[in-house]
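In: got a structure for you, letters missing:
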């Protein structure tokens, strides 16, 4: 079945799961979710030029252009794995609680200096996104970087079975998706499923030297490469300055290589930079090319962006937030910005029974930060106890409306919150 479907895939113009984005010659997969059923759009896909469709409804059992399967999603995943097996190129898997998307983009920028690199676009890092990424592989690609996201245990293990990575990296372990993982121990277990897969398949593990949890999970493993901000065994780096952007220097095997001026803000990005440098160096990218790749990378995805708008400097870090990343962003803001300051913070989602405790902990951190304005957005912040004046809003639209009537001037502004808070909306009023 997969072999026959694969022949159709090779003759297609690509894979599609949404008829609104369907292009002529696409292979359409009728996926299902809580609020949609792709089987209802099979006829539309065929009418709009799909070469064939994969569906799990009996309705299409007699249609020669429809592959009738038991589970369309599982078939998509199996096709992706089969396709990946035809491409004998290095595949790097990447996960972590914070920084994985920025790190993925940095790694890809560095590797692209020597190899034609396929990498995950946007946040296509789940059980659907990983197969779709793998199915973009073609004969010109020489390397693949696959980001893997998860909010429950066993999900990283499943994604590794789909992508079959030769090597992997966990950026860090933090308080993200605590509700789904069942607490921090669940996060550790879930994320390190990647290590379990790599150990079972003699893959390479890139491990941050200073992270005792991750280092402990790698203890005794032979195929291990360390990177870090101290004198790690293989590659390490140091920060020269961080205002307004990080400037770093790095070493390989104890030997100084070069200095790099980045467009990244926040000291927490140092470990992401060194991770990309380590992987590039391991695969033979020259130091000068590593420097060029990183110096030409600018984030444009609401992650650690600095935006100068009017007389204000905005630090936009609104793509997502959890207690670990929120604390890091607050500490960076406190240490690197002076003068008039404002905090505009959205709630942190998917924390489960830890939500009240973690939101109060962030409030306690905020209380020690010098600021002129504090705006809190979301129901999870409404019940926190604050010993100072703050403006509290249920939605980011409410905050935006307030700011449009009370504009800020000559102010450094940190904007951060979970994706569901949509904190980028306040930019319109800043």
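Out: Here it is on my side, so go on. Just so you know, these numbers come straight off a predicted model, no measurement behind them. Numbering: from 1, shown residues only.

In: Give me the pLDDT value at residue 383.
Out: Listed pLDDT for residue 383 reads 84.

In: Just the element for the spatially closest residue to it that is not a sequence neighbour, please.
Out: Nearest in space to residue 383, with sequence neighbours left out and distances taken as C-beta to C-beta, 6 or more residues apart in numbering, is residue 356 at 6.8 Å. For glycine as for every other residue, the C-beta is placed from the backbone atoms N, C-alpha and C. In this structure, residue 356 sits in helix 355-366 according to DSSP states H and E.

In: Which residues are in contact with the closest residue in space to residue 326 that isn't next to it in sequence?
Out: Among residues not flanking residue 326 along the chain, residue 362 sits closest, at 5.5 Å (C-beta to C-beta, 6+ apart). For residue 362, the contact set (C-beta atoms under 8 Å, 6 or more residues apart in numbering) comprises 323, 326, 327, 330, 345, 348.

In: Can you list which of those residues are found in helices?
Out: Using DSSP state H, the members of the contacts of residue 362 that fall in helices are 323, 326, 327, 330.

In: still on that earlier bit, run the chain-centre distance for the helix holding residue 356.
Out: 24 Å (C-alpha atoms, centre = their mean, to the nearest Å).

In: again with stretch 363-381
Out: When C-alpha coordinates are averaged (C-alpha atoms, centre = their mean), stretch 363-381 and its chain have centres 26 Å apart.

In: can you check stretch 313-326 too?
Out: Relative to its chain's centre, stretch 313-326 lies at 13 Å (C-alpha atoms, centre = their mean).

In: Quick one: neighbours of the closest residue to residue 30 other than its chain neighbours, just the number.
Out: Leaving aside its sequence neighbours, residue 30 sits nearest to residue 38 (C-beta to C-beta, 6+ apart; 3.3 Å). If you count neighbours by other C-beta atoms under 10 Å, residue 38 ends up with 23.

In: do the same with the one 10 residues further on
Out: Using other C-beta under 10 Å, residue 48 has 16 other residues around it.

In: so residue 264 is in which element?
Out: Residue 264 is part of no helix or strand when elements are defined by DSSP H and E.

In: With adjacent residues omitted, what lies nearest to it?
Out: Counting by C-beta to C-beta, 6+ apart, residue 246 is the residue found nearest to residue 264 once chain neighbours are left out, at 5.2 Å.

In: Contacts only, for that neighbour.
Out: Each residue near residue 246 by C-beta under 8 Å, 6+ apart is listed here: 239, 262, 264, 265, 266, 267, 269, 270, 273.

In: wait, isn't residue 324 in contact with residue 178?
Out: No: counting by C-beta atoms under 8 Å, residue 324 does not reach residue 178; the two are 10.4 Å apart.

In: Which of the two has more residues huddled nearby?
Out: Higher neighbour count among residue 324 and residue 178: residue 178, with 24 against 21, using other C-beta under 10 Å.

In: Return the distance of that one relative to residue 157.
Out: To residue 157, residue 178 is 19 Å away according to C-beta to C-beta, to the nearest Å.

In: mind listing what's buried in stretch 39-52?
Out: For stretch 39-52, a neighbour-count test (16 or more other C-beta atoms under 10 Å) marks 39, 41, 42, 45, 46, 48, 50, 51, 52 as buried.
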